[in-house]
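Asks: coordinates for the following, if possible.
(2 chains)
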Amino acid sequence: MLGDDAPGIIHGIAGCLAAHGVNIVDLHARLDAARFSMVMEAMIPQDLTPETIRSELERCGRDNKIEAYVQHENIFLATTEPGPVRVGPAVRTQGDALASH
Amino acid sequence: MHRTEDVLATLSMIRQYKLDVRTVTMGIDLQPCAAPDLSTLCDRIRERLVHYSGRLRAVCREVEGRYGIPIVNRRIAVSPIGWVAAGQRTEGLLAIARTLDAVAAEVGVDLVGGFSALVQKGWTEAERRLIASLPEVLSTTERVCASVNVGTTAAGINMDAILALGHVLKETAERTRDHDGFGCAKLVIFANAPSDNPFMAGAFHGPGEPDCVINIGVSGPGVVKAAVEDLVAHSHAGPTLGEIAEEIKSTAFRVTRVGELIGREVAARLGVSFGIVDLSLAPTPQVGDSVGEILQAMGVVRIGAPGSTAALALLNDAVKKGGSFASSSVGGLSGAFVAVSEDAALARAVEAGDLTLAKLEAMTAVCSVGLDMIAVPGETDAETLAALIADEVAIGVINHKTTAVRVIPVPGKSAGDRAVFGGLFGETAILPVHAAGGSTAFVRHGGRIPAPLSSLRN
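Replies: Numbering: from 1, shown residues only, chains lettered A, B, ... in the order given. Have a look, this model is predicted:
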């Protein structure tokens, strides 16, 4: 999530995710000048497609005047870690699991 | 938790700089289809292609949705038809081409490569007929792409085939005169052709490959250009060339990793082997998706000026280093393409007179894939086209690398006129061919240029 800082952004996004059964497992937010950025790791329920949560979160982002993006964890693992590329569901135990699709 | 900087860097590549997967190409071995009866052969080809690729389009869509990374093209590469069609006459070859065209449309791929012959040392009767059939195949099918390998470092250069191809280009251009000779854009003439190249028009499923395999062509040049521009903009004293190379290398790492991730996922879902990631920076006519613009970002404002070859060498090498560290499955062509009509900045440089045929030939000595999407005057004779091909093939054969020629003699047009091919094939000014006709006697000797010495290399 990227955008101008304002009270209630995290509340708004978290509420949107909770409404769709998405479980936030890690979260880091910071402020550079007035620029707000937040990276969130979340578990998506099996019956929710990535396309659905992507469009819902983008809509929620617009309501809160921020840009919201959804990407699979494997993309970040692939582009930042030199180990073998991992494919398939990245489901591990809750707490360090990030996505179920 | 991932570092926020890493997440944002990857996100900006995807969102801002349009990171994508340029092609998912399924290689399919058609040799089990061989049959003396033409009808049986075509039926078997259709059944085998549908069996393996019937779900390719749907699976690519699933993976796009999962990762949010666009897959721009889906393609099929088949075994060289020169092998599969052994014993067939010309009408058989045409029937096979039409079968490939129809199945490609049916399964939803934009191009099918492999109407090919590997004739570096000599040609079979089927391969000779295949080459003779190319003008009709390329002018009457929509999706079929052809390639002919005319030289290898191990075998030398088949000049008989090259001269025949000079005539094929002339006839193909004439048959597609209404479209500026576009049929020639679907024919690639290779030296040291790789067996696992996913990019068209030169893809085929070559020797040593399994029944079915997924090969990947990674994102275009836009991501690399953005990284170089960003480095230049945020460096107070201006980056050194070493720092630019490092930036390109780390960008290539990320791009390659995304390509491998998508390729492995598609292959796993289809239950077939994952083959290779091709690191080639393949341009499109869109502004911002140009190898030429990367060179400009590096400071070669006029492409074709002295320094262009050195800049391209740096770019090509840095991409390979980053990609090689990213993946153990790097293959195909894996270099920067200088496809003139498909690259807006290169096309502009040709139009301005900065980029000449001679300079392009020099640049191809340090990158892949060769004289690509070059338009020349329609009056250029077959022997001169053959000589042009021979020069480029010689660069590949002597330097142990792949080179290729995709040249279009545009009927009824002269140097400086525009050739318009449309879509991803773009448009370009027509390049003059200096001293055309000056090497006719040389190419008419025919025969084979012997394989080069592999020692005393200076």
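Asks: and the residue most central in space within chain A, helix, strand or coil?
Replies: Nearest to the mean C-alpha position of chain A, counting by C-alpha atoms, centre = their mean, stands A:Met40 at 4.4 Å. Following DSSP: H, G, I helix; E, B strand; the rest coil, A:Met40 is assigned to strand.
Asks: who touches it in this structure?
Replies: A:Met1, A:Ile13, A:Leu17, A:Ile24, A:Asp26, A:Leu27, A:His28 (C-beta atoms under 8 Å, 6 or more residues apart in numbering or on different chains). Where C-beta positions appear, they are placed from N, C-alpha and C, glycine not excepted.
Asks: for B:Gly292, same thing?
Replies: B:Gly292 touches B:Pro283, B:Ile303, B:Val338, B:Asp343, B:Ala344, B:Ala345, B:Leu346, B:Arg348, B:Ala349, counting by C-beta under 8 Å, 6+ apart.
Asks: let me have those residues in CSV, adding distance to chain A, secondary structure and pLDDT as columns.
Replies: Putting the contacts of B:Gly292 into CSV (distance: C-beta to the nearest C-beta, whole Å; DSSP: H, G, I helix; E, B strand; the rest coil; pLDDT from 0 to 100) gives the following:
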residue, distance to chain A, secondary structure, pLDDT
B:Pro283, 22, coil, 90
B:Ile303, 30, coil, 97
B:Val338, 27, coil, 92
B:Asp343, 26, coil, 95
B:Ala344, 28, helix, 94
B:Ala345, 27, helix, 96
B:Leu346, 29, helix, 96
B:Arg348, 32, helix, 96
B:Ala349, 32, helix, 97
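Asks: residue contacts, B:Leu118?
Replies: Counted by C-beta under 8 Å, 6+ apart, B:Leu118 has contacts B:Pro80, B:Gly82, B:Glu127, B:Val148, B:Asn149, B:Ala193, B:Gly206.
Asks: let me know the closest of those to chain A.
Replies: B:Gly206 (24.6 Å; C-beta to the nearest C-beta).
Asks: my read is that the closest one contacts B:Asn192, right?
Replies: No - B:Gly206 is not in contact with B:Asn192 according to C-beta atoms under 8 Å; the separation is 11.5 Å.
Asks: in strands only, show me the contacts of A:Met40.
Replies: Mapping the contacts of A:Met40 onto strands (DSSP state E) picks out A:Ile24, A:Asp26, A:Leu27, A:His28.
Asks: just those residues now: which is nearest chain B?
Replies: A:Asp26 (4.8 Å).
Asks: separation between the closest one and B:Val338?
Replies: 45 Å (C-beta to C-beta, to the nearest Å).
Asks: what does B:Ala313 give?
Replies: On the measure of C-beta to C-beta, B:Ala313 and B:Val338 end up 12 Å apart.
Asks: still on that earlier bit, from the contacts of B:Leu118, pick the one nearest B:Tyr17.
Replies: Nearest to B:Tyr17, judged by C-beta to C-beta, of these is B:Ala193 at 31.2 Å.
Asks: number of nearby residues for that closest one?
Replies: 28 (other C-beta atoms under 10 Å in any protein chain shown).
Asks: for B:Leu453, same thing?
Replies: As a measure of burial, B:Leu453 has 8 neighbours, counting by other C-beta under 10 Å.
Asks: need the residues touching each of B:Ala313 and B:Val338.
Replies: In contact with both B:Ala313 and B:Val338: B:Cys367, using C-beta under 8 Å, 6+ apart.
Asks: more crowded one of those two?
Replies: Between B:Ala313 and B:Val338, B:Val338 has the larger neighbour count (other C-beta under 10 Å), namely 28 against 15.
Asks: show the contacting residues for the more buried one.
Replies: By C-beta under 8 Å, 6+ apart, the neighbours of B:Val338 are B:Val291, B:Gly292, B:Leu312, B:Leu346, B:Leu360, B:Met363, B:Thr364, B:Cys367, B:Asp372.
Asks: what segments of the chain are strands?
Replies: Looking at chain A here, since you left the chain open. A:2-4, A:23-32, A:35-43, A:66-67.
Asks: wrong one, chain B
Replies: Going by DSSP E, chain B shows strands at B:21-28, B:71-78, B:111-118, B:144-152, B:156-158, B:187-191, B:212-217, B:273-278, B:370-377, B:403-410, B:418-420, B:427-429, B:448-449.
Asks: need the ones you listed in TSV with distance to B:Pro198, can you?
Replies: Converted to TSV, the strands of chain B look like this (distance: least, C-beta to C-beta, whole Å):
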stretch	distance to B:Pro198
strand B:21-28	4
strand B:71-78	7
strand B:111-118	9
strand B:144-152	12
strand B:156-158	25
strand B:187-191	13
strand B:212-217	4
strand B:273-278	5
strand B:370-377	16
strand B:403-410	14
strand B:418-420	26
strand B:427-429	24
strand B:448-449	29
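Asks: and these: which comes nearest B:Gly331?
Replies: The nearest among the strands of chain B, by C-beta to C-beta, is strand B:273-278 at 3.1 Å.
Asks: in that closest one, what counts as buried?
Replies: B:Phe274, B:Gly275, B:Ile276, B:Val277, B:Asp278 (16 or more other C-beta atoms under 10 Å in any protein chain shown).
Asks: next: stretch B:163-181.
Replies: B:163-177, B:179-181.
Asks: please compute how far that stretch lies from its chain's middle.
Replies: 19 Å (C-alpha atoms, centre = their mean, to the nearest Å).
Asks: pLDDT below threshold where in chain A?
Replies: A:88-101 (pLDDT under 70).
Asks: report the longest helix in it, please.
Replies: Taking DSSP state H as the assignment, the helix of chain A that covers the most residues is helix A:50-63.
Asks: what does chain B give?
Replies: Chain B, longest helix under DSSP H: helix B:241-270.
Asks: by contact count, what packs against that helix?
Replies: Using 3 or more C-beta pairs under 8 Å, 6 or more residues apart in numbering or on different chains; DSSP states H and E, the elements in contact with helix B:241-270 are helix A:73-80, helix B:4-15, strand B:21-28, helix B:56-67, strand B:212-217, helix B:222-233, strand B:273-278, helix B:308-326.
Asks: contacting residues around stretch B:242-259?
Replies: Contacts of stretch B:242-259 (C-beta under 8 Å, 6+ apart): A:75, A:78-79, A:85, B:9-10, B:13, B:19, B:21, B:69, B:216-219, B:223-224, B:227-228, B:231-232, B:235, B:239, B:277, B:279, B:298, B:314-315, B:317-323, B:325-327, B:330.
Asks: nice, that's everything, thank you.
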